[in-house]
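Asks: structure for the following, please:
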Amino acid sequence: MSFVMAIDQGTTSTRAIVFDHGGRIVSQAQLEHRQHLPRAGWVEHDPHEIWDNTRLVIGQALAKADITRLEIEALGITNQRETVMIWDRATGEPVYPAIVWQDTRTQPMVDALADEGGVDRFREATGLPLATYFSATKIAWILDHVPGARDAAESGELAFGTPDTWLVWNLTGGVDGGIHVTDVTNASRTLLMDLRTLDWSDDLLAAFGIPRALLPEIRSSSEVYGHVGGRSLLREVPIAGILGDQQAATFGQAAFHEGETKGTYGTGTFLLVNTGLEAIMSEHGLITTVAYRLGDAPPHYALEGSIAITGALVQWLRDNFGTIRDASEIEPLAASVPDNGGAYFVPAFSGLFAPYWRPDARGAVLGLTQYVTKAHLARAVLEATAYQTRDVVKAGEADAGVPLHTLNVDGGMTSNELLMQFLADILGADVIRPEVVETTALGAAYAAGLAVGFWGDLDELRDNWREDRRWHPTMPRAEADRLYRNWQKAVARSLDWVDEDVDG
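Replies: Numbering: from 1, shown residues only. Predicted structure coming up:
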């Protein structure tokens, strides 16, 4: 038998998962990496720690499956998008820690750029609003704040990449001939790629002050980029698929065609609607992105609703407050009370993303009384994910002119059945979870397997999709609408917090 492996380099951990031909998990290994928070609004990772963890989970996944590299047909990579890494090509040393997609330190640069043309200044070319979320201002910040970095970048001595690029470069040899590439889905999240040409834009590079010599080559999402080198346990295995994490989850959910939708519930939550071969610009706060490109075929596009903090809020409750010792404890704690006790939690730790795009918002808990307990707050933490989903779904319905009837979901939070039922209730729609909820890794595996002929076509991948559980709405619609109205009041009170008196 033969298999495909996927590396899922996420915001909080790195996973290696081995899949069989039926798209089922054979083995997996996972290691968390540290979240460095040097200042309010700053979020950093150690690129070396991520690379070390990647090598470890590869070995662990192979050992658990009792296989070797000889049974791995291809390797796919999926990753946290927008996170910026810059390193020295000659030494492989990062010039600065990775600046994570949640980081908001570049808001002054965003504001200055918006003063010259508004937050939609580059939307027609990139599909994106001006926001700290995307990569361009993070790259510029490193070049401007690390001594000598800008000169080294302009002379071609430095390399930029999102985590996919960092891993491919190291896997294919690093300083000894490592390949410097990314794919169209990750490139579409930088504010530097033109959606129509699928190439770096000279106008955008000039606007952000970023030299082209720093950037990787943009390739498709499914092709053989190179082979694993060195002494790796995967040496000689072709690296044949790269997809940003949310596009990978869409691919893993077999949402290949126009109108198909998925929602991934992890550190953040991301809803994507495949718009086919047309890049549609949202009028209601969603962003336009590349969904995937297979080899030389035309790209498929998507509308995306990005929510920054969902699963990360559970982690915050665990790590910062000690309310729970493990993420799995939040469901029974929240279920111990019948409702939220009137409390609402707006997790605007990095401002609010879609559909609001309000960097001035900050986290807030509203409706507190002496009646509210830690169980009510736990329930409010979970409910925030459902309310934010409805915000994004409303925007998508307005853009598409069609109501949502079902939502296919995946990701770690979908194991929380209390949350899934509440999500169905608030949306007034069926929520469907597939058998394989690790669809982010599965999508990367599919892209890699297609490139080497392990799977023949998209129809074969669609046949692998299997429903595991479905939740129907049970809450009276009037009650769901009342709860959502209170959520909207809570959001309104979280806005306009950041000003010259507030640090971060």
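Asks: which residue of the protein lies farthest from its centroid?
Replies: residue 370 (37.4 Å; Cα atoms, centre = their mean).
Asks: so which strand or helix has it?
Replies: Assigned by DSSP states H and E, residue 370 belongs to no helix or strand.
Asks: separation between it and residue 321?
Replies: 19 Å (Cβ to Cβ, to the nearest Å). C-beta here means a position set from N, CA and C on the backbone, and glycine is covered the same way.
Asks: cool, residue 199 as well?
Replies: Residue 199 sits 46 Å away from residue 321, going by Cβ to Cβ.
Asks: who has more neighbours, the two?
Replies: Set residue 199 next to residue 321 and count neighbours by other Cβ atoms under 10 Å: residue 199 wins out with 13 against 10.
Asks: how about the backbone phi and psi for the closest residue to that one other than its chain neighbours?
Replies: Spatial nearest neighbour of residue 199, chain neighbours left out: residue 218 (6.3 Å); criterion: Cβ to Cβ, 6 or more residues apart in numbering. Note on residue 218: its backbone torsions stand at phi -90, psi 120 [degrees, to the nearest 10].
Asks: which residues touch residue 218?
Replies: 181-184, 187, 193, 198-200 (Cβ atoms under 8 Å, 6 or more residues apart in numbering).
Asks: same question for residue 409.
Replies: Here residue 409 is in contact with 262-265, 420, 423, 431-433 (Cβ under 8 Å, 6+ apart).
Asks: helices - which of those land there?
Replies: Taking DSSP state H as the definition of helices, the contacts of residue 409 contribute 420, 423.
Asks: put together a markdown table for the contacts of residue 409, with pLDDT and distance to residue 351 on each row.
Replies: Output for the contacts of residue 409, formatted as a markdown table (pLDDT from 0 to 100; distance: Cβ to Cβ, whole Å):
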| residue | pLDDT | distance to residue 351 |
| --- | --- | --- |
| 262 | 90 | 24 |
| 263 | 92 | 21 |
| 264 | 90 | 20 |
| 265 | 93 | 20 |
| 420 | 97 | 27 |
| 423 | 97 | 23 |
| 431 | 95 | 27 |
| 432 | 94 | 31 |
| 433 | 94 | 30 |
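Asks: tell me the two of the contacts of residue 409 that are most distant?
Replies: 262 and 420 (14.3 Å; Cβ to Cβ).
Asks: compare neighbour counts for those two and give me the winner.
Replies: More crowded of residue 262 and residue 420, by other Cβ under 10 Å: residue 262, with 27 against 22.
Asks: could you tell me how many residues sit around the nearest residue to the more buried one once chain neighbours are set aside?
Replies: Distance criterion Cβ to Cβ, 6+ apart; nearest residue to residue 262, sequence neighbours excluded, is residue 253 at 4.2 Å. Neighbour count for residue 253, taken as other Cβ under 10 Å: 27.
Asks: whichever helix in the chain runs longest - contacts with which helices or strands?
Replies: Counting by DSSP H, the longest helix found in the chain is helix 374-400. If contacts are counted by 3 or more Cβ pairs under 8 Å, 6 or more residues apart in numbering; DSSP states H and E, helix 374-400 sits against strand 261-265, strand 269-276, strand 300-307, helix 311-319, helix 330-335, strand 344-346, helix 417-427, helix 477-494.
Asks: related to what we said a few turns ago, confidence score at the residue farthest from the centre of the chain?
Replies: Listed pLDDT for residue 370 reads 95.
Asks: ok, residue 504 next?
Replies: Per-residue confidence (pLDDT) for residue 504: 58.
Asks: show me where the stretch 151-300 of the chain has helices.
Replies: 163-171, 184-187, 202-208, 245-252 (DSSP state H, counting those that start in this stretch).
Asks: now render those helices as CSV, adding mean pLDDT, mean neighbour count and distance to residue 459.
Replies: CSV is the format used below for those (pLDDT from 0 to 100; neighbours: other Cβ atoms under 10 Å; distance: least, Cβ to Cβ, whole Å):
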stretch, mean pLDDT, mean neighbour count, distance to residue 459
helix 163-171, 98, 27, 27
helix 184-187, 98, 29, 22
helix 202-208, 96, 14, 37
helix 245-252, 93, 32, 14
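Asks: tabulate those helices (a markdown table), appending distance to residue 401.
Replies: Listed next are the helices of the stretch 151-300 of the chain as a markdown table, based on distance: least, Cβ to Cβ, whole Å:
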| stretch | distance to residue 401 |
| --- | --- |
| helix 163-171 | 35 |
| helix 184-187 | 26 |
| helix 202-208 | 31 |
| helix 245-252 | 21 |
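Asks: to residue 149, which of these lies closest?
Replies: helix 202-208 (14.4 Å).
Asks: where's the closest one relative to the chain centroid, distance-wise?
Replies: Offset of helix 202-208 from its chain centre (Cα atoms, centre = their mean, to the nearest Å): 25 Å.
Asks: next, count neighbours for the nearest residue to residue 246 once chain neighbours are set aside.
Replies: Spatially, and ignoring its direct neighbours in sequence, residue 246 is nearest to residue 270 (4.1 Å; Cβ to Cβ, 6+ apart). Neighbour count of residue 270, defined by other Cβ under 10 Å: 28.
Asks: and if you look at residue 305?
Replies: Neighbours of residue 305 using other Cβ under 10 Å come to 27.
Asks: same thing with the one 5 residues further on?
Replies: Close neighbours of residue 310, defined as other Cβ under 10 Å, add up to 25.
Asks: not counting sequence-adjacent ones, nearest residue to residue 327?
Replies: Leaving aside its sequence neighbours, residue 327 sits nearest to residue 314 (Cβ to Cβ, 6+ apart; 5.1 Å).
Asks: distance-wise, check the one you found relative to residue 205.
Replies: 39 Å.
Asks: got it, and residue 243?
Replies: In terms of Cβ to Cβ, residue 243 sits 24 Å off from residue 205.
Asks: quick one, what contacts the nearest residue to residue 358 once chain neighbours are set aside?
Replies: Closest residue in space to residue 358, ignoring its immediate chain neighbours: residue 352 at 4.6 Å, by Cβ to Cβ, 6+ apart. Counting by Cβ under 8 Å, 6+ apart, residue 352 touches 308, 346, 358, 361, 491, 494-495.
Asks: so residue 352 versus residue 118, what's the distance?
Replies: Distance from residue 352 to residue 118, by Cβ to Cβ: 18 Å.
Asks: hmm, back to that, so which of the helices and strands packed on helix 374-400 gets nearest residue 31?
Replies: Taking Cβ to Cβ, helix 311-319 is the member of those nearest to residue 31, at 15.4 Å.
Asks: contacts for that closest one next, please.
Replies: Helix 311-319 is contacted by residues 11-12, 102, 265-269, 309, 323-327, 330, 345, 347, 349, 377-378, 381-382, 384-385, 411-413 when judged by Cβ under 8 Å, 6+ apart.
Asks: buried residues, that helix. List them.
Replies: Counting neighbours by 16 or more other Cβ atoms under 10 Å, one finds that the buried residues in helix 311-319 are 311-318.
Asks: so what's the residue count around the nearest residue to residue 121 once chain neighbours are set aside?
Replies: Spatial nearest neighbour of residue 121, chain neighbours left out: residue 130 (6.0 Å); criterion: Cβ to Cβ, 6+ apart. Residues within reach of residue 130, counting by other Cβ under 10 Å, total 25.
Asks: list phi and psi for residue 130.
Replies: Per-residue torsions, residue 130: phi -70, psi 120 (degrees, to the nearest 10).
Asks: having no further points to raise, I will conclude here.
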